[in-house]
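Colleague: next come a sequence and a model predicted from it.
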Amino acid sequence: VTSATVIGGGLVGCVAAIHLKRRGVDVAIYERYGDPRQTERRTRPSVNITLCERGLRVLCRAGLLDDVLAISAPAYGRIVHAVGGATSFEAYGKPTEALYAVSRNHLNTVLLDSAAAEGISIHFDCPCLDVNPATGQVLLAGRGGQRWIEAGCIIAADGSFSTVRSKLQRRDRFNYSQHFYDQGYREIRIPAGPRQTPRLEPGALHFWPRGDFMAVAFPNTDSSFTLFIEMPFTGPVSFEALADQPAVRALFDKALPELVPFIPDGAPDFLAQRANSMVTIRCAPWSVDGRVLLIGDAAHAILPSYGQGANAGFEDCAVLDALVERHGFDWATVFDAFERQRKPDTDAIADMCYRHFDELRVNGLDRTLQRRRQVERRLRELFPDRFVSLYSMIAFSPIPYAEAWRRHLAQQAIVDELLSDDAFDFEPDRRHDGVLAARLARALDPRPALA
Ligand SMILES: Cc1cc2nc3c(=O)[nH]c(=O)nc-3n(C[C@H](O)[C@H](O)[C@H](O)COP(=O)(O)OP(=O)(O)OC[C@H]3O[C@@H](n4cnc5c(N)ncnc54)[C@H](O)[C@@H]3O)c2cc1C
């Protein structure tokens, strides 16, 4: 029996450990904080995240889908609340395609239960302090003090500010970059019940794109919502400028009047929080000598605009598992192949997430973008299997992220061409569909976009 030590009992650590255990690896998880299933003292803030097909596919294969869906609320599309109060619904995909919104901490407790049920030993309050890739040892703190343990192979799933990665950074030729986004976020809860007047429609994410900033409401299973507000840290419209209740109230009155009933007391919870930052982290190499592997956010933290961090981390677990199936416990080969396969994809989604935040904030406000979306919609209607939006490829297909981006660029070249051609009038006049179809049939990738 070979053994592995997983550092971090978060989302990715649990799912990676479950996969390894099922391959016959003797796995232990070491987690910095206490057991979130037994204590409310956990200092780590929860956020609402959405899972999409990419991540759910992995959970399904691991037999975890039902437990996860039981604590998640579906969102079949986004309802965009324009300035002035008009709303429009944009379906995420086909009528059966949905994102599933879930509290990260709640999801973590379900995954910890599943890991424990597999017979994986989970050690809480045991932060990893150091690793020695040469000997495969890990230094842990705990109630009994500090000790080095023989780790077998070390799977570092200790999140964006990974201790293990910080130790690897001291090594020669280890590349690392960290970039904080210039906007931050705060979350407040919109309770279910009488306060919700008018009610927010369930079954969707609600967006208030306001150019400088954006609010998004995520549904919860108890009909409450979690409101995520993203804006610059400093400047005229910023968290810094929202220093007191009158300032918060003035912003809501002016830009988000529909949400005023939900913050009747001037949002004390909103003011009590500090603005959280969002970071993109890239590094390489992800492994050392077949002894240590970085996985999940520890290897590639991304902005949450596409809701992909956990989904990508779960996909990491599936890729790792497939490589163990192919190469056995030849960890050096497995880890090298893992990085070769995954790094181009996680780099691609990191870039896409940057761009997408800007698009979300101006959704419905930017006329050029609106026109582009209109053309894309028409192309999707005409070629449902071949013209697939970048969003669908990311959220509702297993197409590798880098390949999704390549296909998107090819599609955008066609859209650019059509946008520059005044002869084409997409809506409501459909006279040109025949010509368009012939032209696009030549230009579009003949493979179905959704494998
Ligand atoms: C605002 C926001 C919104 C998001 N929305 C989405 C979304 O919609 N969809 C999506 O898929 N993703 C989303 N994400 C990203 C998602 O939360 C992360 O990608 C995901 O949690 C990564 O999982 P992980 O296990 O790699 O890291 P983490 O979840 O950070 O888990 C790391 C674990 O390691 C532990 N740990 C840390 N250091 C040590 C140490 N030294 N020793 C032992 N244990 C340690 C931590 O306590 C933690 O339990 C969002 C993130 C944010 C901030």
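Modeller: Ah, there it is. Numbers count the residues shown, from 1 in each chain.
Colleague: for the rest of this, base every contact and every neighbour count on C-alpha atoms.
Modeller: Will do.
Colleague: from what I can see T2 touches I154, true?
Modeller: No: T2 is not in contact with I154 according to CA atoms under 8 Å; the separation is 11.7 Å.
Colleague: and the chain, which residues reach the ligand?
Modeller: Residues of the chain lying close to the ligand (CA under 6 Å from any ligand atom) are 7-13, 30-33, 47, 49-51, 127-129, 157-160, 162-163, 296-298, 304, 307-311, 313.
Colleague: please list the members of the residues you listed that lie in helices.
Modeller: Among the residues of the chain next to the ligand, DSSP state H puts L11, V12, G13, T163, G309, A310, N311, G313 in helices.
Colleague: looks like the third one contacts I7 (just checking).
Modeller: Yes: G13 is within contact range of I7, at 7.0 Å (criterion: CA under 8 Å).
Colleague: can you report how many residues lie near the residue nearest to Y100 when sequence neighbours are not counted?
Modeller: Spatial nearest neighbour of Y100, excluding adjacent residues (CA to CA, 6 or more residues apart in numbering): P74 at 4.4 Å. Using other CA atoms under 10 Å, the number of residues around P74 comes to 23.
Colleague: any low-confidence regions in the chain?
Modeller: 1, 39-45, 193-198, 264-267, 364, 423-451 (pLDDT under 70).
Colleague: pick out the residue nearest the middle of it.
Modeller: Nearest residue to the geometric centre of the chain (CA atoms, centre = their mean): Q308, 2.5 Å.
Colleague: for that one, give me its contacts.
Modeller: L51, I302 (CA atoms under 8 Å, 6 or more residues apart in numbering).
Colleague: host element of Y185?
Modeller: When elements are assigned from DSSP states H and E, Y185 belongs to strand 183-190.
Colleague: can you list the strands that the next helix or strand after that strand pairs with?
Modeller: Sequence-wise, the next helix or strand downstream of strand 183-190 (DSSP H and E) is strand 205-209. In the sheet, strand 205-209 lines up against strand 77-81 (parallel), strand 214-219 (antiparallel) (DSSP bridges).
Colleague: isn't P232 right next to F213, touching?
Modeller: Yes: between P232 and F213 there is a contact under CA under 8 Å: 7.2 Å.
Colleague: thinking again about what came up before, joint contacts of G13 and I7?
Modeller: I29, I155, A156, A157, D158.
Colleague: now render those as TSV, adding neighbour count.
Modeller: Below are the shared contacts of G13 and I7 laid out as TSV (neighbours: other CA atoms under 10 Å):
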residue	neighbour count
I29	25
I155	24
A156	29
A157	32
D158	29
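Colleague: filter those down to just the ones in strands.
Modeller: Secondary structure assignment (DSSP state E) places I29, I155, A156 from these within strands.
Colleague: correct me, but the residue nearest to Y100 touches E97?
Modeller: No: the criterion here is CA under 8 Å, and P74 misses it with E97 at 9.2 Å.
Colleague: which residues are in contact with both of those two?
Modeller: By CA under 8 Å, 6+ apart, no residue touches both P74 and E97.
Colleague: please name the residues that touch the nearest residue to F225 once chain neighbours are set aside.
Modeller: In space, F225 comes closest to P219 once its chain neighbours are excluded; the distance is 4.5 Å by CA to CA, 6+ apart. Counting by CA under 8 Å, 6+ apart, P219 makes contact with A73, P74, A75, A101, P202, G203, A204, L205, F225, T226.
Colleague: give me the contact list for stretch 132-144.
Modeller: Against stretch 132-144 from outside (CA under 8 Å, 6+ apart): 125-131, 146-154, 288-289, 291-292.
Colleague: how many other residues sit next to G24?
Modeller: Based on other CA under 10 Å, the number of other residues close to G24 is 11.
Colleague: now the helices for this structure?
Modeller: Under DSSP H, the chain gives helices at 11-22, 53-61, 65-69, 104-117, 163-168, 245-255, 268-272, 309-327, 331-362, 367-382, 390-395, 401-419, 433-443.
Colleague: returning to what we had before: max pairwise distance over the ones in helices among the residues of the chain next to the ligand: which two?
Modeller: T163 and N311 (22.1 Å; CA to CA).
Colleague: what about these two, which has more around it?
Modeller: N311 (25 against 21).
Colleague: the more buried one and T87, how far apart?
Modeller: Separation of N311 from T87 (CA to CA, to the nearest Å): 29 Å.
Colleague: with E187 instead?
Modeller: Applying CA to CA to E187 and T87 gives a distance of 22 Å.
Colleague: over to P398?
Modeller: Distance from P398 to T87, by CA to CA: 31 Å.
Colleague: quick check on the residues of the chain next to the ligand: which are buried?
Modeller: 7-13, 30-33, 49-51, 127-129, 157-160, 162-163, 296-298, 304, 307-311, 313 (16 or more other CA atoms under 10 Å).
Colleague: re earlier: which among the contacts of stretch 132-144 count as buried?
Modeller: Buried, going by 16+ other CA under 10 Å: 125-131, 148, 151-154, 288, 291-292, out of the contacts of stretch 132-144.
Colleague: count residues in the vicinity of I188, would you?
Modeller: For I188, using other CA under 10 Å, the count is 19.
Colleague: and it, bridged to which residues?
Modeller: L227.
Colleague: F387 touches Q411, doesn't it?
Modeller: Yes: between F387 and Q411 a contact is recorded at 7.1 Å, counting by CA under 8 Å.
Colleague: quick revisit: how about the helices of the chain, which one is nearest F262?
Modeller: Of all those, helix 245-255 comes closest under CA to CA, at 10.2 Å.
Colleague: buried residues in the closest one?
Modeller: V248, R249, F252, A255.
Colleague: let me see the contact set for the last one.
Modeller: Applying CA under 8 Å, 6+ apart to A255 gives the contacts V83, R210.
Colleague: follow-up on the earlier one: please identify which pair of the buried ones among the contacts of stretch 132-144 lies farthest apart.
Modeller: D125 and V288 (26.2 Å).
Colleague: just give the nearest non-adjacent residue to P268, would you?
Modeller: Q245 (7.4 Å).
Colleague: for R54, grab the count of nearby residues.
Modeller: 22.
Colleague: contacts only, for it.
Modeller: Neighbours of R54 in contact, by CA under 8 Å, 6+ apart: N311, A312, E315, I394, A395, F396, S397, P398.
Colleague: what residues are recorded as beta-bridge partners of the nearest residue to L205 once chain neighbours are set aside?
Modeller: Nearest residue to L205, sequence neighbours excluded (CA to CA, 6+ apart): R78, at 4.7 Å. R78 has these beta-bridge partners by DSSP bridges: E90, L205.
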